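**Q** Build me a model from this:
(chains A and B)
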Amino acid sequence: ILNVEQSPQSLHVQEGDSTNFTCSFPSSNFYALHWYRWETAKSPEALFVMTLNGDEKKKGRISATLNTKEGYSYLYIKGSQPEDSATYLCAFPRAGSARQLTFGSGTQLTVLP
Amino acid sequence: EPEVTQTPSHQVTQMGQEVILRCVPISNHLYFYWYRQILGQKVEFLVSFYNNEISEKSEIFDDQFSVERPDGSNFTLKIRSTKLEDSAMYFCASSESAGPSYEQYFGPGTRLTVT
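**A** Reported below is the predicted structural model:
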């Protein structure tokens, strides 16, 4: 069974705070790790696809790192804003399948003004 | 920016009825997917579709489910005889290619409520 775990489950931060959360995945048979941002009533939005150990990707105030040997990825948000409030999901392609994404349960971030 | 669209946004149906959920994937994408999320649970893969046939399906995708690309733009999920446990948010997604590093672009979902 493929387990993708995210922590924490939810997080409340003040506007301007920086924050980070974790996605853990099986380190064997690694292909890629996907990060999505999902606001209520909207489409989950693809943030990053991480493929290489040591990868670091950045989009504005959001960045992500990847450690495939130990099986984790961190998502960082610098200077959180209320519009960053969303659920952040990570997903891992199932071993033997490039198409099936297995999702974590998500981290629900609330940024308080 | 191109996006995946889904209709309806919310569907209420009675147990035993057939429902068809509709999706319009991004126009140059070749791979299509359905996922679902039961309230309080993780997003789960249902099926992937390429070249007018199912390429992979999960254990959830039993004989009650079917997918079709009836024309050049729509992609549909049919549930033949709905059960209470089919109540969930159903997401359609599409991607340019099938490799693990290709992004899957998701639609906003259809919330299916079976009463």
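**Q** So in that sheet, which strands flank the helix or strand of chain B with the lowest mean pLDDT, and in what orientation?
**A** Every helix and strand of chain B was ranked by mean pLDDT, DSSP states H and E. The lowest is strand B:53-57, at a mean of 93. Sheet pairing for strand B:53-57, assigned by DSSP bridges, gives strand B:43-50 (antiparallel).
**Q** And the partner strand, what's buried?
**A** Buried residues in strand B:43-50, defined by neighbour count with 16 or more other C-beta atoms under 10 Å in any protein chain shown: B:V43, B:E44, B:F45, B:L46, B:V47, B:S48, B:F49, B:Y50. Just so you know, the C-beta spots here come from the backbone N, C-alpha and C atoms, and that holds for glycine as well.
**Q** I figured the third one hits A:L101, correct?
**A** Looking back up the chat, that one is B:F45. Yes: between B:F45 and A:L101 there is a contact under C-beta atoms under 8 Å: 6.3 Å.
**Q** Between these two, which contacts overlap?
**A** Common neighbours of B:F45 and A:L101 are listed as A:R94, B:Y35 (criterion: C-beta atoms under 8 Å, 6 or more residues apart in numbering or on different chains).
**Q** what about stretch A:101-113, how long is it end to end?
**A** With C-alpha to C-alpha, to the nearest Å as the measure, the ends of stretch A:101-113 fall 34 Å from one another.
**Q** Centre of the chain to it, how far?
**A** The offset between the C-alpha centroid of stretch A:101-113 and the centroid of the whole chain comes to 8 Å, using C-alpha atoms, centre = their mean, to the nearest Å.
**Q** Just the buried residues of it, please?
**A** Neighbour-count burial for stretch A:101-113 flags A:L101, A:T102, A:F103, A:G104, A:S105, A:G106, A:T107, A:Q108, A:L109, A:V111 (criterion: 16+ other C-beta under 10 Å).
**Q** Just checking it against chain B, any contact.
**A** Yes: using C-beta under 8 Å from any C-beta of the partner chain as the criterion, contacts between stretch A:101-113 and chain B involve A:L101, A:T102, A:F103, A:G104, A:S105, A:G106.
**Q** taking the residues you listed one by one, which sit in strands?
**A** Secondary structure assignment (DSSP state E) places A:L101, A:T102, A:F103 from these within strands.
**Q** Residue in chain B with the shortest distance to chain A?
**A** Scanning chain B for the residue nearest chain A gives B:P100, at 3.6 Å (criterion: C-beta to the nearest C-beta).
**Q** what secondary structure does that residue sit in?
**A** Each residue gets one of three states, and B:P100 gets coil by DSSP: H, G, I helix; E, B strand; the rest coil.
**Q** Find the residue closest to it in space, skipping its chain neighbours.
**A** If the residues on either side of it in the chain are set aside, B:P100 comes closest to A:Y31, at 3.6 Å by C-beta to C-beta, 6 or more residues apart in numbering or on different chains.
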